[in-house]
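Engineer: Need the 3D shape of this:
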Amino acid sequence: MGLREKLTLSRVTADISDALAYADRLSLCHNQFRPGIGPFGESQAIQIAVSRLKERHPNVYGSPQIKRTPDVLIPDDALSY
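Structural biologist: Numbering: from 1, shown residues only. Below is the predicted model of the structure:
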């Protein structure tokens, strides 16, 4: 893997926000609720967001891992979210 871009908290929050908005636009359905990300639990929403981060920004996030605490661990980075 090549050099990774420096991460900042504002970058991570913007990218996760974009990933969740993307997930909402996918119109996934959860049980009998209307389509959208709203009815999904936090762990499911985080899984969708991390998948999008890996897809859109592989040189920024590398191989993020979903954990219990923190929710997302970005290896080799000083920030955990």
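Engineer: what separates the helix or strand of the chain with the lowest mean pLDDT from the chain centre, distance-wise?
Structural biologist: Using mean pLDDT, DSSP states H and E, the weakest-scoring helix or strand in the chain turns out to be strand 72-73, at a mean of 76. The chain centre lies 9 Å from the centre of strand 72-73; the measure is CA atoms, centre = their mean, to the nearest Å.
Engineer: From the contact counts, what lies against it?
Structural biologist: helix 42-56, strand 65-66 (3 or more CB pairs under 8 Å, 6 or more residues apart in numbering; DSSP states H and E). Just so you know, the C-beta spots here come from the backbone N, C-alpha and C atoms, and that holds for glycine as well.
Engineer: Buried ones in the helix of greatest length in the chain, by neighbour count?
Structural biologist: Counting residues, the longest helix found in the chain (DSSP state H) is helix 9-25. Buried residues in helix 9-25, counted by 16 or more other CB atoms under 10 Å: V12, D15, I16, A19, L20, Y22, A23, D24.
Engineer: what's the closest of the residues you listed to I48?
Structural biologist: Nearest to I48 among the buried residues of helix 9-25 is A23, at 4.2 Å by CB to CB.
Engineer: what about the nearest residue to D24 once chain neighbours are set aside, distance to S17?
Structural biologist: For D24, ignoring the flanking residues on the chain, the nearest one in space by CB to CB, 6 or more residues apart in numbering is I37 at 4.3 Å. According to CB to CB, to the nearest Å, I37 and S17 sit 12 Å apart.
Engineer: Kindly report the same for G38.
Structural biologist: Counting by CB to CB, the gap from G38 to S17 is 15 Å.
Engineer: Done for today, thanks.
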